[in-house]
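J.: Curious how this folds, go ahead:
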Amino acid sequence: MPYAGNFAISIDGGATFRLSAFGGCFDKIIGIEYEDCYFATRMPAASLFGWVNEATTNPRRHDVTVYQFDIAGNVLTETEVRDTFLREFSMSDLEAAGNDPVIFTFVLVPEQIQTRAGSGSLNSVAVKTLLQSNFRVSIDGVDGRGVAGLRGLGFSVAKQLDPLGAGRRHFGPGPLEYNAVAIDVATSGIASTAADLDAWVAQATNGSASARGATVELLNPALTVTEVSIDVSGLYPLTFPAFSSSPNRRTFTGRIATFRMP
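T.: Okay, the predicted model is just below:
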């Protein structure tokens, strides 16, 4: 359950950005094991995206500081979370008919947590909101104009107990696994998107399909500027039923090899 109040985070002493939710991050078995730290943010923060990219290629541990502050910006508490690794990352669903903000969620496994009274104020906390309806999905060889939604973009990392550790339990990162992605396709209006995906699935059925690249763009409200561009590699069909998953929608699901944030 997320905590009440206003929170912001800094990664390795970098720029501080606003959190929309914060939970966990406490001694769940006193002196033995910490609860993982759970975060959500609307901010497309470069420091977070850099950590995501690093986790998929060369995972490293980082320190974060979580600030609790009041409506005037006065810091109430500071929580140092040291030697953490990224266990999960995901982006909320994109939906052409929606109007909710895009949320980036991430989970950190801490090695050490210390909370103290805060001091001073947060004079500059980065805040930005992207809407779930302002997006564009491009897939190699597919007319993307009929894409009406995207779900499931993210990954998880296995949490492995160090068997040689004594006293407090220590964990390290294990294998990384990407989520399958679901792409909703409109069945009215632009028919070429579904037709292109059907042709790709047919190739997969007879064993002649190749994995393809894709790009997910998060746009400004006027749809004229790409605020975030996510490169997806190794997209390959899993399912694309001929029947609607919801009114005027079919859902394509695919596995991916990797994705890279900007």
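J.: For stretch 107-118, measure first residue to last.
T.: Length of stretch 107-118, first residue to last, C-alpha to C-alpha, to the nearest Å: 23 Å.
J.: One more: stretch 125-140?
T.: Start-to-end span of stretch 125-140 (C-alpha to C-alpha) is 38 Å.
J.: just how off-centre is it within its chain?
T.: On the basis of C-alpha atoms, centre = their mean, to the nearest Å, stretch 125-140 sits 12 Å off its chain's mean C-alpha point.
J.: Repeat that for stretch 155-168.
T.: The answer for stretch 155-168 is 23 Å, by C-alpha atoms, centre = their mean.
J.: And stretch 219-233, by the same measure?
T.: On the basis of C-alpha atoms, centre = their mean, stretch 219-233 sits 15 Å off its chain's mean C-alpha point.
J.: which ones are touching the closest residue to A191 other than its chain neighbours?
T.: Residue nearest to A191 in three dimensions, not counting chain neighbours: G146, with 7.4 Å by C-beta to C-beta, 6 or more residues apart in numbering. Backbone N, C-alpha and C define where each C-beta goes, glycine included. Neighbour list for G146: V185, A186, G189, I190, A191, S192, T193, A194 [criterion: C-beta atoms under 8 Å, 6 or more residues apart in numbering].
J.: What does G146 show for phi and psi?
T.: Torsion angles at G146 (phi, psi; degrees, to the nearest 10) stand at phi -90, psi 0.
J.: measure it to V185 for me?
T.: Going from G146 to V185 by C-beta to C-beta, to the nearest Å gives 5 Å.
J.: what touches both of these two?
T.: Here G146 and V185 have T193, A194 as joint contacts, going by C-beta under 8 Å, 6+ apart.
J.: As a check, name the ranges of all helices in the stretch 151-262 of the chain.
T.: All helices of the stretch 151-262 of the chain, identified by DSSP state H, counting those that start in this stretch, fall at 192-205.
J.: Give the burial count for the spatially closest residue to A257 that is not a sequence neighbour, as a bare number.
T.: Spatially, and ignoring its direct neighbours in sequence, A257 is nearest to G234 (2.4 Å; C-beta to C-beta, 6+ apart). G234 has 16 neighbouring residues, counting by other C-beta atoms under 10 Å.
J.: show me what contacts G234?
T.: Per C-beta under 8 Å, 6+ apart, neighbours of G234: A211, G213, R255, I256, A257, T258.
J.: Swap in 10 Å and give it another go.
T.: Y178, S210, A211, R212, G213, A214, G254, R255, I256, A257, T258, F259 (C-beta atoms under 10 Å, 6 or more residues apart in numbering).
J.: Report the beta-bridge partner residues of the nearest residue to the first one once chain neighbours are set aside.
T.: Spelled out, that is Y178. Using C-beta to C-beta, 6+ apart and skipping residues adjacent in sequence, the residue nearest Y178 is F155, 4.7 Å away. Judged by DSSP bridges, the bridge partners of F155 are F89, Y178.
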